[in-house]
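Visitor: Just a sequence and a predicted model for now, questions to come.
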Amino acid sequence: MSRSIKLYLDDILASINKIKKYTAQMNLNELLEDEKTLDAVIFIVIPIKIRTVKK
């Protein structure tokens, strides 16, 4: 049984909100220099991409 599009969109929105929270006080250079935050953002984005490409 596949998930509804609404559930996928809810997951994507939740992920976007996490990324915004983690990076709110950072500019791009600060993000690139902060390995822990960058890893967190990457590990949020990769599953989103995998879920959307599988279809």
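Guide: Ah, there it is.
Visitor: Run through the chain and note the low-pLDDT ranges.
Guide: 1-2, 48-55 (pLDDT under 70).
Visitor: where exactly do the helices run in it?
Guide: 5-23, 28-33, 35-54 (DSSP state H).
Visitor: Let's have these in TSV, adding mean neighbour count.
Guide: Placement of C-beta: from N, CA and C, glycine included. What follows is the helices of the chain, written out as TSV (neighbours: other Cβ atoms under 10 Å):
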stretch	mean neighbour count
helix 5-23	12
helix 28-33	11
helix 35-54	12
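Visitor: show me what contacts residue 41?
Guide: 19, 22-23, 31 (Cβ atoms under 8 Å, 6 or more residues apart in numbering).
Visitor: Quick check: it vs residue 28, distance?
Guide: Per Cβ to Cβ, to the nearest Å, residue 41 is found 12 Å from residue 28.
Visitor: ditto for residue 5
Guide: Taking Cβ to Cβ, one finds residue 5 at 31 Å from residue 28.
Visitor: swap in residue 42?
Guide: 14 Å.
Visitor: now do residue 35
Guide: 14 Å.
Visitor: One more: residue 14?
Guide: Relative to residue 28, and taking Cβ to Cβ, residue 14 is found at 23 Å.
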